[in-house]
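Peer 1: model this:
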Amino acid sequence: MHDQRKERRGLRGRITSAHLIAGLALFIALGGVAYASNPLVGPHGNINSCVAKNGGEVNIWKVGHKCASTRVALAWAASGVTGPTGATGGTGATGPTSMSASTVDGETVTKLQLEEPTPTTTSSSVNLYSSDGLTIVADCSAPTGQASLQATGPASANSELTVSGYANSGGNYFGSETPTLGSTPVTLGPASAGETSFSYENSSGQIVNGNVGYQNAPSLGSYAGCVFFGTVITG
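Peer 2: Okay, here's the model as predicted:
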């Protein structure tokens, strides 16, 4: 008989835990801490239950239910206290420089992009770049739309320009060195289409390096005009 009583007490404890877990699961399924719409959570954020005085099955009731005289009322908060904020993680490695950046390692990067419609009577000339005494002019000839590039410097002519590149016509590879770049235009790219690289230093020691691609009409597949694109780095 004594062993049977111990077995019943053990079974009662297991039933108590199982019902409590089931009740909590039901509470979570009904919306957690949404007090206003959850019938099992009181206005103060508590879950109310009843249990026999000697222990046993736990019953969770809707708000307003009164426990019988043979049972004891229990209540616990529907939500726990917010835990402390964790420590801030270390700073990650610096990512690669974006191609749209304007400053890289103290140097200024300028993007060049120009579209010139093919002129019908008179060739057009547009300033593609002008800074630190260096001016680059983009030309689009009439009426064929041949693209070319010209460079000029300050009136003092106390600056130097070196050029190298490739053109689709006119001998393909080209290059030049001008130790006194002034107001007289120097060819950066022969008429047609190609790519040119240049390095410029003015009298103040400022250095400009650039790379420009140019395409005669039609360009960009079907655009009826000349196109110029590239980058210039100063610093």
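Peer 1: what's next to stretch 222-235, contact-wise?
Peer 2: 104, 106-118, 128-129, 131-132, 138-140, 145-147, 149, 206-220 (C-beta atoms under 8 Å, 6 or more residues apart in numbering). Where you see a C-beta, it was placed from the backbone N, CA and C, and this is true even at glycine.
Peer 1: what about burial for the residues you listed, which qualify?
Peer 2: 109, 112, 114-116, 118, 128-129, 132, 138-140, 145-147, 149, 208, 210, 212-217, 219 (16 or more other C-beta atoms under 10 Å).
Peer 1: sorry, back to before: narrow the contacts of stretch 222-235 to those in strands?
Peer 2: 104, 107-117, 128-129, 131, 138-140, 147, 149, 207-215 (DSSP state E).
Peer 1: low-confidence ranges in the chain?
Peer 2: Applying pLDDT under 70 to the chain picks out residues 1-37, 94-101, 157, 169-171.
Peer 1: ok, which stretches of it are helices?
Peer 2: Assigned by DSSP state H, the helices in the chain fall at 2-29.
Peer 1: and it, what are its domains?
Peer 2: With domains defined by automatic domain parsing, the chain comprises 6-77, 103-234.
Peer 1: is it possible to export those domains to TSV including distance to residue 93?
Peer 2: TSV is the format used below for the domains of the chain (distance: least, C-beta to C-beta, whole Å):
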stretch	distance to residue 93
domain 6-77	39
domain 103-234	17
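Peer 1: what's the most buried one of the ones you listed?
Peer 2: Among the domains of the chain, the stretch with the highest mean neighbour count (mean count of other C-beta atoms under 10 Å) is domain 103-234, at a mean of 17.
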